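**Q** This is the structure alone, sequence omitted:
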């Protein structure tokens with residue numbers, strides 16, 4: 001009997017050891033944060049000591065790309081490992097404009113990791129469909145807490161409301177629905193008023209956006225503790241709703257940054273990243289936690305002081321220039337990644353999905369359809385890592401091959417007056433990261449090669 005008990009104990013310890021071998025995974029995704037909007041990426045006005053700490057203790061990527069310069073499409077690619085057009089998310093979803101969202105048939109990172117025993121939670125901005133079918137709890141996440149779309153949008157008329165969900169004075173749920181049904185536009189008095197949801201139900205309206213950075217982090221810490229208590233590896237997807245405008249900041253950070261209110265917002269996010277770092281250390285799970293910090297696309301430059309910076313890159317959000325899709329990305333995993341690593345090899349947000357499949361032993365559905373690549377070797381040997389991608393397609397209008405970038409058409413949101421051409425154009429990113437010198441007449445063969453690849457990609 002004692003021998004049986006001993007063997008049982010050994011078996012349980014072995015199983016627990018196997019479970020603990022799978023890393024916890026945290027992805028923190030900010031909204032519209034530019035390449036230059038962290039001190040470790042060169043910002044002279046924004047201080048980000050805790051995010052800088054991630055870079056010092058892990059890997060900083062300087063040629064990391066998201067698959068779209070706008071949010072819904074970019075997020076779909078990150079979570080599925082596929083180009084946005086391949087999962088039916090070509091652009092941005094808006095509430096009250098038809099039944100649209102990321103189709104649940106497409107496997108997400110949450111579903112991938114859940115299949116091998118992970119607890120999963122989404123916190124913050126979702127923006128992949130606000131109707132029940134498309135919400136995080138139907139996309140592999142055990143639970144959800146956050147704003148279902150951008151923080152400048154407005155409640156969906158189809159949303160389920162709790163009795164605790166507060167409305168504008170004099171506007172009950174029925175009147176609210178009638179206002180939507182009339183013209184599908186934002187009703188008068190609804191500016192910058194968004195809901196907070198828990199799972200599939202609105203629990204706060206309007207959301208107090210001054211406190212959401214802290215509250216999103218509080219919710220994340222609670223989930224980490226629950227996962228530890230349940231002895232399960234966890235996947236936390238924390239998608240902050242800022243620095244997308246409108247910008248809100250708590251009193252503790254108001255007016256603190258030399259970067260104005262935009263800098264205040266980033267510095268408050270940085271402080272709360274530090275809270276998560278400290279919590280992982282306190283719980284002795286930091287070593288085997290894979291921690292990724294990045295942005296969904298480049299800065300919204302037309303917002304001026306309320307937008308960020310992508311310097312030395314050109315342009316920003318909504319364009320296929322480097323400033324629109326090359327964003328800051330830092331990965332820390334002390335069990336694998338050497339401290340203080342930096343890689344300029346081209347890597348993609350879509351690589352995260354297949355890399356996590358390799359790390360955890362999870363099986364990707366339709367693995368042959370993935371556009372991302374297993375980049376585990378980047379984590380293990382970043383100094384010698386070479387890109388796994390022959391081509392990266394920014395959009396239907398631009399493609400990168402090695403250090404060459406070709407634009408069939410150049411689209412601008414802010415800086416078109418600085419350009420004499422709107423394409424086609426060819427840039428050598430190894431010498432011209434700002435895409436300032438069009439070399440198409442000097443290298444017509446290379447331009448023709450990239451144009452052909454882009455046209456073939458667009459036909460698929």
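**A** Cool, the structure landed. A quick note: this is a predicted structure, and the numbers were derived from the prediction, not measured.

**Q** Work out for me the element the residue nearest to residue 69 when sequence neighbours are not counted sits within.
**A** Using C-beta to C-beta, 6 or more residues apart in numbering and skipping residues adjacent in sequence, the residue nearest residue 69 is residue 324, 3.5 Å away. C-beta coordinates here come from the backbone N, C-alpha and C atoms, glycine included. Secondary-structure element containing residue 324, defined by DSSP states H and E: helix 322-325.

**Q** ranges for the strands of the stretch 351-460 of the chain?
**A** Taking DSSP state E, counting those that start in this stretch, the strands of the stretch 351-460 of the chain run over residues 392-395, 398-401, 404-407, 425-428.

**Q** Counting by contacts, list what the last one packs against.
**A** Pointing back at strand 425-428 there. strand 404-407, helix 444-459 (3 or more C-beta pairs under 8 Å, 6 or more residues apart in numbering; DSSP states H and E).

**Q** dump the residue contacts of residue 276.
**A** With contacts defined as C-beta atoms under 8 Å, 6 or more residues apart in numbering, the neighbours of residue 276 are 26, 28, 217, 220, 221, 224, 291.

**Q** please redo it, this time with the cut-off set to 7 Å
**A** 26, 217, 220, 221 (C-beta atoms under 7 Å, 6 or more residues apart in numbering).

**Q** Repeat that for residue 293.
**A** 28, 51, 54, 273, 330.

**Q** distance of the third one from residue 425?
**A** Here the distance between residue 54 and residue 425 works out to 35 Å (C-beta to C-beta, to the nearest Å).

**Q** what do you get for the first one?
**A** With distances taken as C-beta to C-beta, residue 28 is found 34 Å from residue 425.

**Q** For those two, indicate the residue with more neighbours.
**A** Of the pair residue 28 and residue 425, residue 28 is the one with more neighbours under other C-beta atoms under 10 Å, namely 26 against 20.

**Q** Remind me which helix or strand the more buried one belongs to.
**A** strand 24-30.

**Q** so what strands line up beside that strand?
**A** Paired strands of strand 24-30, with direction, are strand 234-239 (parallel), strand 289-295 (parallel) (DSSP bridges).

**Q** need those strands in TSV with distance to residue 402 and mean pLDDT, can you?
**A** Output for the strands paired with strand 24-30, formatted as TSV (distance: least, C-beta to C-beta, whole Å; pLDDT from 0 to 100):
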stretch	distance to residue 402	mean pLDDT
strand 234-239	32	98
strand 289-295	23	98
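
**Q** Identify the residues contacting residue 269.
**A** 30, 213, 240.

**Q** let's see it at 8 Å
**A** 30, 213, 240, 242, 243.

**Q** backbone phi and psi for it, please?
**A** The phi/psi pair for residue 269 (degrees, to the nearest 10) reads phi -60, psi -40.

**Q** Would you mind listing where this structure has pLDDT under the threshold?
**A** 1-20, 156-191, 415-421 (pLDDT under 70).

**Q** Domain map for it?
**A** The chain breaks down into these domains under automatic domain parsing: 23-384, 392-459.

**Q** Can you tell me the number of residues neighbouring residue 294?
**A** So residue 294, with other C-beta under 10 Å, has 20 neighbours.

**Q** try the one 3 residues further on
**A** Per other C-beta under 10 Å, the neighbour tally for residue 297 reads 29.

**Q** Let me see the contact set for it.
**A** By C-beta under 8 Å, 6+ apart, the neighbours of residue 297 are 32, 66, 68, 69, 70, 71, 74, 317, 324, 325, 327.

**Q** show me where the stretch 1-150 of the chain has helices.
**A** Taking DSSP state H, counting those that start in this stretch as the test, the helices found in the stretch 1-150 of the chain are 2-21, 49-56, 71-80, 109-114.

**Q** got the strands of the stretch 351-460 of the chain as CSV, with distance to residue 201 columns?
**A** Shown next, in CSV, are the strands of the stretch 351-460 of the chain (distance: least, C-beta to C-beta, whole Å):
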stretch, distance to residue 201
strand 392-395, 36
strand 398-401, 41
strand 404-407, 45
strand 425-428, 49
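
**Q** closest one to residue 385 among those strands?
**A** strand 392-395 (15.6 Å; C-beta to C-beta).

**Q** Buried deepest among the domains of the chain, which one?
**A** With neighbours defined as mean count of other C-beta atoms under 10 Å, the domains of the chain peak in mean count at domain 23-384, which reaches a mean of 20.

**Q** distance between the ends of stretch 221-237?
**A** 12 Å (C-alpha to C-alpha, to the nearest Å).

**Q** ok, residue 37 to residue 301 distance?
**A** With C-beta to C-beta as the criterion, residue 37 and residue 301 are 12 Å apart.

**Q** Mutual contacts of those two, please.
**A** residue 308.

**Q** returning to what we had before: filter the contacts of residue 276 down to just the ones in strands.
**A** Among these, the residues falling in strands (DSSP state E) are residue 26.

**Q** Could you single out the nearest of the contacts of residue 276 to residue 373?
**A** Closest to residue 373, out of all of the contacts of residue 276 and judged by C-beta to C-beta, is residue 26, at 21.6 Å.

**Q** wait, that closest one sits on residue 286?
**A** No - using C-beta atoms under 8 Å, residue 26 makes no contact with residue 286, being 10.5 Å away.

**Q** show me the contacts for the closest residue in space to residue 237 that isn't next to it in sequence.
**A** Nearest non-adjacent residue to residue 237, counting by C-beta to C-beta, 6+ apart: residue 122, 4.8 Å away. Residue 122 makes contact with 110, 136, 141, 143, 144, 145, 146, 237, 239 under the criterion C-beta under 8 Å, 6+ apart.

**Q** Over to residue 73?
**A** Residue 73 neighbours (C-beta under 8 Å, 6+ apart): 67, 84, 89, 90, 91, 92.

**Q** Roughly how far does residue 197 sit from residue 134?
**A** 12 Å.
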